[in-house]
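Novice: sequence and computational prediction follow.
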Amino acid sequence: MAEITLKGLGHSYKANPKSEADYALKPVDLVWEQGKTYALLGPSGCGKTTMLNIISGLLKPSDGQLLFDGKDVTAATTSERNIAQVFQFPVIYTTKSVRGNLAFPLECRNWPKEQIKDRVEYIAALLDLTEILDYPARKLSADQKQLISLGRGLVRNDVSAVLLDEPLTVIDPQMKFTLRRKLREINRATGITMILVTHDQSEAMSFADEVVVMKDGCVQQSGSPEQLFARPNNEFVGYFIGSPPLNLFSVQFRNECLYVPVLDQLLPADAGGSIETIKVGVRPEHLKVQKSSEEDPQAQVTGIDDLGIEQVFSMLGRNGELFKVKSRLNRDLLCGDSVEVTAAEKDLMIFKEGLLVR
């Protein structure tokens, strides 16, 4: 187990990168504490797998340093780093039993048989594999095979971190929640640092203590799920985190304030700059609506998606802007209804040139 530090760490697949655009991973500084869970989140091609492969030792960075507990391991091999990696598709020994798969890493290190037996049974209990320890691994389901892959990484007691490269891809959707919960339980029980790569925000937000949001090889923001949801650093993070994503409204200058036409609301004009570069953001969960009898209502309901306990309302503002409202309280609303829309000032975020300023 180790604290992992990325110090100006970056990588270009080109031999002689000449500009920032040549980098698959632009130089970044991050510190990941021992024993926590982390997620690298972003669209395909954003650099998250490149970062993971650098940490594991499969790829040597073209810039910067990688430190484990303050020790420079940039040039160290994968085996010297004591990293366990679980890939997108299960990697198991099909000729061995579940027990044989879990025991194999310890047998390679010449552990005493009794210690191997005790350790394998401990890890099997953590993963709910005890009842099938002596089953042939080839006959198991995809999620059980992935648990074996994870178990082989956890069975060693000298692992610095467990790297999870989209390991839930092959898992049945109904099993994904259970496996994410199991990973969290294992992290709490063992204290092993876990780093998950995913493009699925629900996986990242429900798994990680801290989420690193990436785009175009650049870290956009790193923080807790609560921080990313409540205070996104920029419009991309605001849009990428949350379902539905952040609403962004145009503004006008009025009486030395910012006026938001959709909300018919004034805000302090402390952002400065051209009005075209300023947007006001608000989460769909933070908008309140009620039916309106006004001749010129603020908005009209154009669509309703029922999510069970909640509903998502598609809205058309009177200024032509489209936005979403997520609510449990408006089951009387129908498509075509006119509504008034309000939001508390504390829930409104001001972005200038795409960056959060308030």
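Specialist: Cool, the structure landed.
Novice: which residues of this protein fall in helices?
Specialist: Counting by DSSP state H, residue ranges of the helices within the chain are 48-56, 78-81, 98-108, 113-126, 142-154, 173-190, 201-207, 225-230, 235-240.
Novice: can I get these in a markdown table with mean pLDDT and mean neighbour count?
Specialist: To be clear about C-beta, it is placed using only N, CA and C from the backbone, and glycine gets the same treatment. Supplementary listing: those in a markdown table, determined by pLDDT from 0 to 100; neighbours: other C-beta atoms under 10 Å:
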| stretch | mean pLDDT | mean neighbour count |
| --- | --- | --- |
| helix 48-56 | 94 | 22 |
| helix 78-81 | 88 | 13 |
| helix 98-108 | 95 | 19 |
| helix 113-126 | 94 | 16 |
| helix 142-154 | 87 | 22 |
| helix 173-190 | 82 | 15 |
| helix 201-207 | 91 | 20 |
| helix 225-230 | 96 | 17 |
| helix 235-240 | 96 | 21 |
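Novice: dump those into TSV; add distance to Leu67 as well.
Specialist: Formatted as TSV, the entries for these read as follows, by distance: least, C-beta to C-beta, whole Å:
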stretch	distance to Leu67
helix 48-56	11
helix 78-81	11
helix 98-108	25
helix 113-126	28
helix 142-154	21
helix 173-190	21
helix 201-207	24
helix 225-230	25
helix 235-240	27
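Novice: how about low-confidence regions in the stretch 201-350 of the chain?
Specialist: Judged against pLDDT under 70, the low-scoring parts of the stretch 201-350 of the chain cover residues 271-273.
Novice: try it again with 90
Specialist: Applying pLDDT under 90 to the stretch 201-350 of the chain picks out residues 202, 254-256, 268-277, 293-297.
Novice: before we move on, the earlier item: for Val162, find the nearest of the helices of the chain.
Specialist: Val162 lies closest to helix 142-154 among these, at 5.1 Å (C-beta to C-beta).
Novice: most remote residue from the protein's center?
Specialist: The outermost residue of the chain relative to its centre, with distances by C-alpha atoms, centre = their mean, is Glu295 at 44.0 Å.
Novice: how about the most centrally placed residue in the chain, what does it touch?
Specialist: Most central in the chain under C-alpha atoms, centre = their mean is Ala204, positioned 3.1 Å from the mean C-alpha point. With contacts taken as C-beta atoms under 8 Å, 6 or more residues apart in numbering, Ala204 has the following neighbours: Ala39, Leu41, Leu196, Thr198, Val211, Pro225.
Novice: let me see the contact set for the fourth one.
Specialist: Neighbouring residues of Thr198 by C-beta under 8 Å, 6+ apart: Ala39, Leu40, Leu41, Glu166, Leu168, Ala204.
Novice: same thing but at 10 Å, please
Specialist: Contacts here follow C-beta atoms under 10 Å, 6 or more residues apart in numbering; on that basis Thr198 touches 39-42, 48, 164-169, 204-205, 207-208, 211.
Novice: check the third one too.
Specialist: By C-beta under 10 Å, 6+ apart, Leu196 lies in contact with 37-41, 48, 52, 86, 162-168, 180, 183, 203-204, 207-208, 211.
Novice: how far does stretch 35-51 sit from the chain's center?
Specialist: Stretch 35-51 has its C-alpha centroid displaced from the chain centroid by 7 Å (C-alpha atoms, centre = their mean, to the nearest Å).
Novice: between the two ends of it, how far is it?
Specialist: 19 Å (C-alpha to C-alpha, to the nearest Å).
Novice: in that stretch, what's buried?
Specialist: Within stretch 35-51, the residues that count as buried by 16 or more other C-beta atoms under 10 Å are 35-42, 46-51.
Novice: apart from its chain neighbours, what residue comes closest to the residue nearest to the centre of the chain?
Specialist: Here the nearest residue to Ala204 in space, its sequence neighbours aside, is Ala39; by C-beta to C-beta, 6 or more residues apart in numbering that works out to 3.7 Å.
Novice: what does the pLDDT read for the one you found?
Specialist: What the model reports as pLDDT for Ala39 is 96.
Novice: that one against Ile241, yeah?
Specialist: No - Ala39 lies out of contact with Ile241 (C-beta atoms under 10 Å); the separation is 11.5 Å.
Novice: which neighbours do the two share?
Specialist: Shared contacts of Ala39 and Ile241, defined by C-beta under 10 Å, 6+ apart, comprise Gln201, Ala204, Met205, Val211, Val213, Pro225.
Novice: including distance to Asp158, could those residues go into JSON lines?
Specialist: Rendered in JSON lines, the data for the shared contacts of Ala39 and Ile241 read as follows (distance: C-beta to C-beta, whole Å):
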{"residue": "Gln201", "distance to Asp158": "33"}
{"residue": "Ala204", "distance to Asp158": "28"}
{"residue": "Met205", "distance to Asp158": "31"}
{"residue": "Val211", "distance to Asp158": "28"}
{"residue": "Val213", "distance to Asp158": "31"}
{"residue": "Pro225", "distance to Asp158": "30"}
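Novice: of all those, which comes closest to Lys113?
Specialist: Ala204 (40.2 Å).
Novice: what separation do you get for Val91 and Ser19?
Specialist: Summarising the geometry, the distance separating Val91 from Ser19, computed by C-beta to C-beta, to the nearest Å, is 38 Å.
Novice: who has more neighbours, those two?
Specialist: Comparing Val91 with Ser19 by other C-beta atoms under 10 Å, the one with more neighbours is Val91, at 14 against 7.
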